[in-house]
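Asker: how does the following fold in three dimensions:
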Amino acid sequence: MTDYVIAIDQGTTSTRAIVFDKNGNIISTGQLEHEQIFPKAGWVEHDPKEIWNNTREVIGTALSKANITRHDIQAIGITNQRETAVVWDKNTGEPVYNAIVWQDTRTQSIVDRLAGDEGLERFKSKVGLPLATYFSGTKIVWILENVEGAREKAEAGDLLFGTTDSWVLWNLTGGTDGGVHVTDVTNASRTLFMDLETLSWDDEILEIFGVPKSMLPEIKSSSEVYGHASGHSLLREVPIAGILGDQQAATFGQAAFQQGEAKNTYGTGNFLIFNTGEEIIHSENGLLTTLGYKLGDAKPHYALEGSIAVTGSLIQWLRDNLGIINSAPDVEKLAATVEDNGGAYFVPAFSGLFAPYWRSDARGALVGMTRYVNKGHIARAALEATAYQTAEVLDAVNADSGVPLTELKVDGGMTANDTLMQFQADILGVPVVRPVVAETTALGAAYAAGLAVGFWSDLDDLAKNWQEDKRWEPSMDQDERDRLYRNWKKAVTKTFDWVDEDVQ
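Answerer: Below is the predicted model of the structure:
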């Protein structure tokens, strides 16, 4: 009997391989960052080949650190940055262009063209999403229209598209030598192409976008055997049996399996997912309707999602662009040098504003500045921005669901920041709870894979693994909470209407 499951977590800034035991504990981790490529303002790219090379290396690192081999691994799960688009030649395995990252805003003119007179919600009733640069569908269109020869190759059936789960899976199962071209329902639901009810690609929408169906991966459930690692892999013959987009994976890893349960992940961006069970709820308050998970032949579970583009990446920006901190954890020390934000509010609309506003014309703003404000206040304002944005999304979830959340389960790297977590509880007015295993994204992918091969028997088996690590209780009085939140909302309005045709 083999003892472990390995998860490949292909994220926005790095790729990790994490080995888990049956109790959901981390045994070992391999991790490598990849380059963030910014060719122009608003453009964000990754090198797909670098990602694949890193994937192979981190698998080796994780196995080596745990002192195990493929014979000790029962299944492989994959989780990924969801809307990042890769298009490659199926005959050579070569990408025709860099991966266009979910944060990229270059496709705004394509969004406007597709919206036409019908507006940004033209396809929302079918796919659950507004037209936005965020989703991968418009990124495929840009590649077909701007990369020389891509349209002709696509029409000839020679090009494949995938989010990074599909790219990793295809390569892991052999690439040009029999690679499996598949995605799961959660990733498919982020393209603008999948019908939420039928869980299939919509021919009419594909025709309107001008994307050949032959490019698209086959849509499968989140938990089944898609194929086996090829003979060239350190994991050869091990089944790949779980795929979940990163935010759905984190929800699954938090054991938020039932209707009414939710989690918030603090990563490059923030993503709050609220499980709506087997019911499709169309948001009236700026949230996305998406797939939560689908286990084999069972009915799918749907979710409402509040997506925030910039949270953790704002701290990276303070480090890399401004140089006011040397490492991300330093932001908490710097923020602790002041008692409050000094009247400063930082709205990080670097890629426009996502939920609940969906304003692609917005750009970042630091407001309320006086001579009194110093770098400590700016650090604090950057942290607080994460909490305020989360509060706005949670307000929308409460309005759509009609059932106010009584506590918020959290995960992701920024949950190590006590200052932020306490302020989050204060501004929400509800407890914030972190589990023992904060790497819930990778854990969720491991769970999906392990369920498919019988490593775990059922959802109850998984729920027993969840344990509370820390809880932050709100301590701010209501008047102060209201004042801060009111000023934040005023600050947000200052970012609107920035982008004109001649302003990027």
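Asker: surely Arg363 and Phe496 touch.
Answerer: No. Contact criterion CB atoms under 8 Å: Arg363 and Phe496 do not qualify, at 9.3 Å. Using the backbone N, CA and C atoms, a C-beta is placed for each residue, glycine as well.
Asker: pick out whichever of those two has more residues nearby.
Answerer: Arg363 (23 against 15; other CB atoms under 10 Å).
Asker: distance of that one relative to Thr133?
Answerer: Counting by CB to CB, to the nearest Å, the gap from Arg363 to Thr133 is 13 Å.
Asker: and Pro48, what is it in contact with?
Answerer: Val86, Trp88, Pro95, Asn98, Ala99, Thr164, Trp167 (CB atoms under 8 Å, 6 or more residues apart in numbering).
Asker: try Asp3
Answerer: Contacts of Asp3 by CB under 8 Å, 6+ apart are Asp21, Lys22, Asp72, Gln74.
Asker: helix, strand, or coil at Glu207?
Answerer: The three-state assignment at Glu207 reads helix, by DSSP: H, G, I helix; E, B strand; the rest coil.
Asker: I'd like the distance between it and Leu114.
Answerer: Taking CB to CB, one finds Glu207 at 12 Å from Leu114.
Asker: the helix ranked longest in the chain: what's the following helix or strand?
Answerer: Ordering each helix of the chain by length in residues (DSSP state H) puts helix 375-401 first. Next helix or strand after helix 375-401 toward the C-terminus (DSSP states H and E): strand 408-411.
Asker: ok so, going back, who's more crowded, Glu207 and Leu114?
Answerer: Legend: neighbour count by other CB under 10 Å for Glu207 and Leu114, higher for Leu114 (21 against 11).
Asker: mind listing what's buried in the helix or strand encompassing that one?
Answerer: In the assignment (DSSP H and E), Leu114 maps to helix 108-115. With burial defined by 16 or more other CB atoms under 10 Å, the residues of helix 108-115 counted as buried are Gln108, Ile110, Val111, Leu114, Ala115.
Asker: quick one: contacts for the third one?
Answerer: With contacts taken as CB under 8 Å, 6+ apart, Val111 has the following neighbours: Leu120, Leu131, Ala132, Thr133, Thr138, Ser360.
Asker: name the nearest residue to it, ignoring sequence neighbours.
Answerer: Computed as CB to CB, 6 or more residues apart in numbering, the closest residue to Val111 that is not its neighbour in sequence is Leu131, at 4.9 Å.
Asker: so that neighbour, which of the three states?
Answerer: Quick answer, by three-state DSSP: Leu131 is coil.
Asker: what number of residues lie near it?
Answerer: 27.
Asker: for it, list the residues it contacts.
Answerer: Val111, Leu114, Ala115, Leu120, Glu121, Arg122, Phe123, Thr138, Leu192.
Asker: among those, which pair sits farthest apart?
Answerer: Glu121 and Thr138 (15.0 Å; CB to CB).
Asker: with neighbour numbers in mind, choose between those two.
Answerer: Neighbours were counted for Glu121 and for Thr138 using other CB under 10 Å; Thr138 has more, 27 against 13.
Asker: and for the helix or strand hosting that one, what's in contact with it?
Answerer: Using DSSP H and E, Thr138 sits within helix 136-146. With CB under 8 Å, 6+ apart as the test, helix 136-146 has contacts from 82-85, 87, 96-97, 100, 102, 104, 106-107, 110-111, 114, 131-132, 150-151, 154, 161, 163, 190-193, 209-211, 215.
Asker: how much does it deviate in direction from helix 108-115?
Answerer: Relative orientation of helix 136-146 and helix 108-115, computed by axes from the mean of the first three to the mean of the last three CA atoms, to 10 degrees: 110 degrees.
Asker: list the buried ones in whatever helix or strand comes next after helix 136-146?
Answerer: Per DSSP H and E, the first helix or strand lying C-terminal to helix 136-146 is helix 150-155. In terms of neighbour count (16+ other CB under 10 Å), helix 150-155 has its buried residues at Ala150, Arg151, Lys153, Ala154.
Asker: test my guess that the third one contacts Thr92.
Answerer: Spelled out, it's Lys153. No. Using CB under 8 Å, Lys153 is not in contact with Thr92; the gap is 10.5 Å.
Asker: how much space between the closest residue to Leu451 other than its chain neighbours and Ser189?
Answerer: Excluding the flanking residues, the one nearest Leu451 by CB to CB, 6+ apart is Ser223, at 5.0 Å. Going from Ser223 to Ser189 by CB to CB gives 16 Å.
Asker: before we move on, what about Asn270?
Answerer: On the measure of CB to CB, Asn270 and Ser189 end up 19 Å apart.
Asker: quick one: which of those two has more around it?
Answerer: Each of Asn270 and Ser189 has its neighbours counted (other CB under 10 Å); Ser189 has more, 31 against 26.
Asker: need the pLDDT of the more buried one.
Answerer: Looking at Ser189, its pLDDT is 96.
Asker: name the helix or strand for the residue nearest to it when sequence neighbours are not counted, please.
Answerer: In space, and not counting its chain neighbours, Ser189 is closest to Leu291: 4.3 Å by CB to CB, 6+ apart. Element membership for Leu291 (DSSP H and E) is strand 288-293.
Asker: list the residues that contact Phe161.
Answerer: Applying CB under 8 Å, 6+ apart, the residues contacting Phe161 are Ala85, Val86, Val87, Ser136, Ile140, Val211, Met215, Leu216, Pro217.
Asker: among those, who's most crowded?
Answerer: Counting neighbours by other CB under 10 Å, Ile140 comes out on top of the contacts of Phe161 with 30 neighbours.
Asker: just give me the neighbour total for Tyr97.
Answerer: Residue neighbour count, defined by other CB under 10 Å, stands at 17 for Tyr97.
Asker: looking at this, it is in a helix?
Answerer: No. Counting by three-state DSSP, Tyr97 is not part of a helix but coil.
Asker: that one: what's it in contact with?
Answerer: Taking CB under 8 Å, 6+ apart, one finds Val87, Ile143, Val147, Ala150 in contact with Tyr97.
Asker: try Ile281
Answerer: Neighbouring residues of Ile281 by CB under 8 Å, 6+ apart: Thr289, Tyr302, Leu304, Asp400, Ser401.
Asker: what helix or strand does it sit in?
Answerer: According to DSSP H and E, Ile281 maps onto no helix or strand at all.
Asker: for it, grab phi and psi.
Answerer: The phi/psi pair for Ile281 (degrees, to the nearest 10) reads phi -110, psi 120.
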